[in-house]
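[1] Build me a model from this:
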Amino acid sequence: MGRVHNRYDQACKQILCAALEPSGVFGPEIEVSPDPQRVDGFYVPDPARPSPIASTLLGRMGRSACTFEVFSETPDDGELIACVRKHLNLRHILLGKDPPVPLPRQWILSSGRPQRGLRALGARRERAWPSGVYASPSGFATSVVAANELPEERSTLLLRLMGRGRTLRRAIAELRTLGDDDFERCTALPILVRFRIEAAAGPVTPSDEEFLMSTQDVLEMWERRAEERGALRGRKEGLKEGLKEGQRSLLLQLLRRRFGELPAAVVARVEAADTQELEAFAARLLVAKSADEVVADE
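    Below is the predicted model:
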């Protein structure tokens, strides 16, 4: 069985998907038999698609096929070893594919530095990469990224938004300085707002409490954006409408990046969709072959 993810793990995975999907194929929750186990994400870049994050650390990580494991709480040595075992099993399975598929590198994203796990894997600081990136011996095909050690610059922002505590709060403060149309803000803000609203609806776990405290500013950003666009009709109603507006805007952005100019009927269908339909469309986007297929009635 795969490990149990907390609410913020799921938010981090959605940020990864939204950031990487425009320039390749990102498959969440990929099963690795025979256990079965699942990797958090498997990404294969498409050289024909321009990447909006090409100049960022995440874009550099995604220049070749890779898998992701997301830990919003720092993993212990056993969890890191389990990730490597699962990853090597996946690579073994992929070796038998016909036609051949690219063998991925594994990126383990951790909110903090997993000191015992790094020692267990023999992972060392990767000098060709920014601080916070550690590489294991080549046979493991695994690297570890500690979000709290990454340099505070825009190229690392998407990854620092997957951190915790001070790292997350400072990353959100940096997100506030970006324009409404900047990719990082368009990508991460709707996801953080949605998960914050879901977390506040309860029941609230200790992990949720920390997430709620660290993400207070995202609501203020969202409310201000909604006010500027005339979408705020009272605080509660405005948040709901603003959230749907952000979901629509992000979905249309991703649809255009994947399929090009959209038919008017597709745009109208997205604009008329409620929150549940928008979530269903977003899930289909990963596997659909056309924009019409994304918004088709089930």
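
[2] When you work out contacts or count neighbours from here on, use the C-alpha atoms and nothing else.
    Fine.

[3] Can you report how many residues lie near residue 78?
    Per other CA atoms under 10 Å, the neighbour tally for residue 78 reads 11.

[4] which residues does it contact?
    residue 117 (CA atoms under 8 Å, 6 or more residues apart in numbering).

[5] Start the count at 53 instead of 1 going forward.
    I'll keep to 53 as the first residue from here, and by that count the last item is residue 130.

[6] Check for me that it belongs to a helix.
    Yes: counting by DSSP: H, G, I helix; E, B strand; the rest coil, residue 130 falls inside a helix.

[7] Model confidence at the nearest residue to residue 307 once chain neighbours are set aside, what's the number?
    Closest residue to residue 307 apart from its sequence neighbours, by CA to CA, 6 or more residues apart in numbering: residue 343 at 6.6 Å. The model reports residue 343 with a pLDDT of 89.

[8] repeat for residue 287
    The model's pLDDT for residue 287 equals 49.

[9] before we move on, what about the one 10 residues further on?
    Residue 297 carries a pLDDT score of 73 in this model.

[10] now residue 220
    92.

[11] sorry, back to before: distance check, the residue nearest to residue 307 against residue 237.
    24 Å (CA to CA, to the nearest Å).

[12] Same check on residue 143?
    As judged by CA to CA, residue 143 and residue 237 stand 34 Å apart.

[13] before we move on, what about residue 331?
    Distance from residue 331 to residue 237, counting by CA to CA: 19 Å.

[14] Those two: who's more crowded?
    More neighbours surround residue 237 than the other of residue 331 and residue 237, with 20 against 15 (other CA under 10 Å).

[15] just the strands in the stretch 153-302 of the chain please.
    Ranges of strands in the stretch 153-302 of the chain, per DSSP state E, counting those that start in this stretch, are 157-162, 176-177, 185-187, 194-198.

[16] what's the closest of those strands to residue 336?
    Nearest of the strands of the stretch 153-302 of the chain to residue 336, taken as CA to CA: strand 157-162 at 24.9 Å.

[17] And for the closest one, what's in contact with it?
    For strand 157-162, contacts defined as CA under 8 Å, 6+ apart pick out 116-127, 139, 193-199, 215.

[18] Which members of the residues you listed are positioned in helices?
    Judged by DSSP state H, helices contain the following of the contacts of strand 157-162: residue 139.

[19] Ignoring the adjacent residues along the chain, who's closest to residue 102?
    Of all residues not flanking residue 102 in the chain, residue 75 sits nearest, at 5.9 Å (CA to CA, 6+ apart).

[20] residue contacts, the one you found?
    Neighbouring residues of residue 75 by CA under 8 Å, 6+ apart: 97, 98, 99, 101, 102, 103, 104, 310.

[21] Check residue 208 too.
    By CA under 8 Å, 6+ apart, the contact set of residue 208 is 108, 109, 110, 202.

[22] could you measure it against residue 214, distance?
    With CA to CA as the criterion, residue 208 and residue 214 are 10 Å apart.

[23] which ones among the contacts of residue 208 are found in helices?
    109, 110.

[24] Which one of the contacts of residue 208 is nearest to residue 250?
    Using CA to CA, the shortest approach to residue 250 within the contacts of residue 208 belongs to residue 110, at 26.7 Å.

[25] Contact partners for residue 248?
    Listed by CA under 8 Å, 6+ apart, the contact set of residue 248 reads 263, 264, 267.
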